[in-house]
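In: Sequence and predicted structure are below.
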Amino acid sequence: MKIVVIGGTGLIGSKLVKKLGEHGHEAVAAAPNTGVDTLTGEGLAEVLKGAQVVIDVSNSPSFEREAVMKFFQTSTGNLLAAEAAAGVGHHVAVSIVGTERMPENDYFAAKIAQEKLIEKSGIPFSLVHSTQFFEFARGIADEGTVDGKVHIAPVLFQPIAGDDVAKAVGRTAVGTPLNGRIEIAGPTTYRMDEFFRKALAAWGDTREVVTDPQARYFGSVPGERSLVPGDGAQLGTITYRDWLDQSTAK
């Protein structure tokens, strides 16, 4: 099966291309550095020839309100039009658990707009809503740092390893289109502030983690369950401790 991975040279995309290839599929990495640009449409028609499935794990280079909305609306619109012309039978997109719970968040609002385009396209689709990736934990800590202290909200948090994300997305891509969504998350639920206390200690980072109910998460104050899935989510198997040990061993 030919599967085109938009954003195929990025964190999740490169894992997907590798895993799909190992299972005998023709997995093609499509990104600006491979000659495919969804914002301009460059290279789309050619790369989609003969493709049965498209997986979109691309991301906006900017999270600024207008820029991120323009990215997802433009790139998704161009991609869906090219897929329709090429006869692609399954569109898979990765989104975020909790987008609908924080619509005031500029990034989440853009992802909601992207999903609406997909749902209205007429192309069979599957949406994979994921919790935050382990790989971005350090960035979240840095984002929350004020005067040398890391401010984190005491809400539920269930991050997932990138390898588990790629496995779930790949499995969805080779299956029957859902014409709906699934949620995926890591195997363990934490209090977000406690997760970061343990994480910083494991990193050898001496910054103090401050429990702050008003701490913002990418521009919004999360509620108790804003960042965790509902019942029935597919759970990964890699714990943060195991992921960290594997990462530092590389």
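Out: Alright, I've got the coordinates.
In: Would you mark the buried spots in stretch 86-100?
Out: Buried positions in stretch 86-100, judged by neighbour count with 16 or more other CB atoms under 10 Å: Ala86, Val88, His90, His91, Val92, Ala93, Val94, Ser95, Ile96, Val97, Gly98, Thr99. Bear in mind the C-beta positions are built from the backbone N, C-alpha and C, glycine included.
In: which pair in those spans the largest distance?
Out: Ala86 and Gly98 (32.6 Å; CB to CB).
In: How far off centre is the host helix or strand of Val68?
Out: Using DSSP states H and E, Val68 sits within helix 65-86. Taking the mean of its C-alpha atoms, helix 65-86 sits 16 Å from the chain's own mean (CA atoms, centre = their mean, to the nearest Å).
In: Then stretch 162-176?
Out: Worked out by CA atoms, centre = their mean, stretch 162-176 lies 12 Å from the chain centre.
In: Then stretch 102-122?
Out: 13 Å.
In: In terms of secondary structure, what does the lowest-mean-pLDDT helix or strand in the chain contact?
Out: Across the helices and strands of the chain, mean pLDDT, DSSP states H and E gives its lowest value to helix 240-249, namely a mean of 89. Here helix 240-249 touches helix 192-203, going by 3 or more CB pairs under 8 Å, 6 or more residues apart in numbering; DSSP states H and E.
In: what packs against the helix it packs on?
Out: helix 137-143, strand 149-152, strand 156-157, strand 208-211, helix 240-249.
In: try 6 Å
Out: When contacts are defined as 3 or more CB pairs under 6 Å, 6 or more residues apart in numbering; DSSP states H and E, helix 192-203 sits against strand 149-152, strand 208-211.
In: Strand partners (parallel or antiparallel) of the last one?
Out: Read that as strand 208-211. strand 149-152 (parallel) (DSSP bridges).
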